[in-house]
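Trainee: Sequence and predicted structure are below.
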Amino acid sequence: MSTAAFSPSPISVSGLRLERGGKTLLTGFSLDVQPGEALVLLGPNGSGKTTLLRAMGGLVRPAEGEISLDPQSVAFLGHADALKASETVEQSLRFWAGLYGGDVTTLDPVMVDMALAHLARRTCGTLSAGQKRRTALARIALSNRPVWLLDEPAAPLDARSRARLASLVRQHCEAGGIVIAATHVDLGWAGARVEDLRPAPTRTAAGVG
Amino acid sequence: MWSYFANPERFDRLARALLPWCWGVAAALFAIGLPWALYFSPGDYQQSDTVRIMYVHVPAAWLAMFAYAGLGGASFVYFIWRHNLADLAARAIAPAGAVFAFICLATGALWGRPMWGAWWVWDARLTSMLVLFLLYLGYMALRGAIEDEKLSARAGAILAMAGLINLPIIKFSVDWWNTLHQGASVFRFDGPTIDPSQLWPLAIMALGFTVLYLAFVLTQMRAMIMERRAEALERRRERRLELEAEL
Amino acid sequence: MSALGAIFTRELRLAFAGGGGPAGPAAFNLAALALAPLAIGPDAETLQAAGPGVIAFAALLATLQPAERIFSEDASDGTLELYALSPVGLALSVFMKTLAFILAVFWTTPLLAFVGGLAYGMDVTSAFVLALGLGFAAPGLAFIAAFAGALAAGLKRAGLLIALIAAPLQVPLLVFAAGAGRAAMDGTGLEGPNLMMALAGSLAALALAPFGAAAALKARLE
């Protein structure tokens, strides 16, 4: 596992308004994340957490507001794993680690950590959903980027793989990195801060009801 | 300047003030131009009365090109500054331009029958107009195929700008491919060679068509703004009903 | 620089391994060349006269054939996001990717044009000039098709849309490539200028189309 220390600037989001398809998803949203912190954005489908992650990665332009985060410090994991059916696990990891300026010498230990060592020569088209997700997570770990933005990172993972993910996240935070994950289920990350993105009216309604 | 007119309310007021004038001026120009062009102006000594197709054909050709320049310009403004109004303008201009391109092609074919003895001749200018017509069709098809409004606007803007850059090259290549047609006779550096007795009615008709085109585009843009407002109201009503249902 | 090289090699590998390299478009091109005479008729003179045009047109159709899949997979599987966040950026990644794709898929176009030219009864020199013309024009044609593919990636009826978008933009390259073959055949001495303009048009498309495609894909990410 990489022990390189990260020292990213704190992330600050202020006065954010996000739209998708002409509909306002979030408004007046603010957030501060310190180095070494893990943050879980919790909310149901359609609450805007994916769009929020994409906006933080600079992939979506916010309708209003400021985000202080250099996209060049971001490692991004979307819904899809960005794996090519004809590429082997090792080829894919090597390519992205190289492109992102990551440390290719840590390839083997990371693959061991994510239980991928025995799959190195398999083409990605033959992997199960969980194996694909683990490969994508290994790509994040190899990216040498201080800020991880993960969208539903644990979706297809079983309990043991979730534990591996949790330990990966803990190590990254201990090294000074930042992890922000969007999810609609509990990730079970000890020490992570949780930000509830459920729309305010629903929350009040639930409280009253 | 852009941001001044980018406000839909302000634009709406401006368009409402401008539109009656547009319709009026267009009507006046046609009232003078149509009889002059179709009756009082002399027929050509070779082409006799068929030359009068020119009074529709040439303005349509001019407007089809002018509209594409407008489409490209509006697209550029939208792409750089993302003013919704520029996108509305592009969306309103495209069908108008396509219709003028079609009128130009149809009148060209009608004119070709007595002139060349064929409904269609692969002459350079007609062929360029055909390609321009295809550019319009491609633009409208792309806009129609993308449901997300913002994505549709941006993809359309990119395509229209690419078309605008390519248009002179297409024109050049088609001229290169075929240089049979009579040389351009209206716009020339050493002055027009067309007889003044035809040039005046042609100019008035061209101006009349241009003002009519502006009126069409402004009306269409106003309709789109109203449509958008109606949609926003409908959305607000839906949200209110949703909240009421939850409580 | 090495990052660009890495993208190029990877995309070259993917174009061969995942997309079958030139197989699909080349077969399509060949089928078009084989069917056209059946429509035109067996008269040798007519076929020879139609040769440069039909061959250039078949090459154009072949560039439209794979245009949708160049970016549709990258757009849906998250690859575009990774390219966009990489130090190379989206525009240059798309440029390298398209370049690799075109080299992998369309290197057969001039060969097919040469063989086709002979089969349509053109003399060796004319067939060679036509092949050269298409060698110059094919990258440009394919870049324009890729641009259309980026605009239409993931849409319903994308294939139809791509043809409608790309066709008018491809007109100049079609004119110059076929024009070179015709000029050589008719002995008008204009093959030089035609070839030059085919090359110039291709270079212009190479310089502009990838950035248009990247802009379209970026709009899609948002």
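Mentor: Nice, thanks for sending it over.

Trainee: Quick check: which element contains the spatially closest residue to B:Leu151 that is not a sequence neighbour?
Mentor: Spatial nearest neighbour of B:Leu151, excluding adjacent residues (C-beta to C-beta, 6 or more residues apart in numbering or on different chains): C:Ala219 at 5.6 Å. The way it works is simple: take the backbone N, C-alpha and C, and place the C-beta from them, glycine included. Counting by DSSP states H and E, the element that carries C:Ala219 is helix C:191-221.

Trainee: Which positions within that helix qualify as buried?
Mentor: By neighbour count on 16 or more other C-beta atoms under 10 Å in any protein chain shown, the buried set for helix C:191-221 is C:191, C:194-195, C:197-202, C:204-206, C:208-221.

Trainee: Equivalent analysis for stretch C:34-48, please.
Mentor: C:Ala36, C:Pro37, C:Leu47, C:Gln48.

Trainee: Out of the residues you listed, which sit inside helices?
Mentor: C:Ala36, C:Pro37, C:Leu47, C:Gln48 (DSSP state H).

Trainee: For C:Ile55, state which of those is nearest.
Mentor: Among those, C:Ala36 lies closest to C:Ile55 (C-beta to C-beta), at 8.7 Å.

Trainee: dump the residue contacts of that closest one.
Mentor: C:Ala50, C:Val54, C:Ala58 (C-beta atoms under 8 Å, 6 or more residues apart in numbering or on different chains).

Trainee: Swap in 7 Å and give it another go.
Mentor: By C-beta atoms under 7 Å, 6 or more residues apart in numbering or on different chains, the contact set of C:Ala36 is C:Val54.

Trainee: same check, this time on the one 3 residues further on
Mentor: With contacts defined as C-beta under 7 Å, 6+ apart, C:Ala39 has no neighbours.

Trainee: Residue 11: what's it in contact with?
Mentor: Let's take chain A. A:Asp32, A:Val33, A:Ser68, A:Leu69, A:Val147, A:Ile178 are the contacts of A:Ile11 under C-beta under 7 Å, 6+ apart.

Trainee: Not quite, go with chain C.
Mentor: C:Met96, C:Lys97, C:Ala100, C:Phe101.

Trainee: Looking at chain B, what residue ends up closest to chain A?
Mentor: B:Glu246 (4.8 Å; C-beta to the nearest C-beta).

Trainee: Could you show which parts of chain C are in contact with chain B?
Mentor: When proximity is defined as C-beta under 7 Å from any C-beta of the partner chain, chain C approaches chain B at C:147, C:151, C:155-157, C:161, C:164-165, C:167-169, C:171-172, C:175-176, C:179, C:201, C:208, C:212, C:215-216, C:219-220.

Trainee: now do 6 Å
Mentor: Selection of chain C residues close to chain B by C-beta under 6 Å from any C-beta of the partner chain yields C:151, C:155, C:161, C:164-165, C:168-169, C:171-172, C:175, C:212, C:215-216, C:219.

Trainee: Farthest-apart pair in those, please.
Mentor: The distance between the two most remote of those (C-beta to C-beta) is 30.7 Å, for C:Val175 and C:Ala219.

Trainee: got the CA positions of the longest helix along chain A in PDB?
Mentor: Criterion DSSP H: the longest helix present in chain A is helix A:159-174. Taking C-alpha atoms only, helix A:159-174 is exported to PDB below (Å, rounded to 0.1, in the frame of the first residue of the first chain):
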ATOM      1  CA  ALA A 159     -19.300  -8.000   2.900                       C
ATOM      2  CA  ARG A 160     -15.600  -8.900   2.700                       C
ATOM      3  CA  SER A 161     -15.000  -6.600  -0.200                       C
ATOM      4  CA  ARG A 162     -16.700  -3.800   1.700                       C
ATOM      5  CA  ALA A 163     -14.300  -4.300   4.500                       C
ATOM      6  CA  ARG A 164     -11.400  -4.100   2.000                       C
ATOM      7  CA  LEU A 165     -12.900  -0.800   0.700                       C
ATOM      8  CA  ALA A 166     -13.300   0.600   4.200                       C
ATOM      9  CA  SER A 167      -9.600  -0.200   5.000                       C
ATOM     10  CA  LEU A 168      -8.500   1.300   1.700                       C
ATOM     11  CA  VAL A 169     -10.400   4.500   2.600                       C
ATOM     12  CA  ARG A 170      -9.000   4.500   6.200                       C
ATOM     13  CA  GLN A 171      -5.400   4.200   4.900                       C
ATOM     14  CA  HIS A 172      -6.000   7.000   2.400                       C
ATOM     15  CA  CYS A 173      -7.300   9.300   5.100                       C
ATOM     16  CA  GLU A 174      -4.500   8.400   7.400                       C
END
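
Trainee: Distance of the residue lying closest to C:Thr109 once chain neighbours are set aside relative to chain B?
Mentor: Counting by C-beta to C-beta, 6+ apart, C:Thr109 lies nearest to C:Ala138, which is 4.3 Å off, once chain neighbours are set aside. C:Ala138 sits 16 Å away from chain B, going by C-beta to the nearest C-beta, to the nearest Å.

Trainee: Per-residue pLDDT of C:Ala138, please?
Mentor: Per-residue pLDDT puts C:Ala138 at 95.
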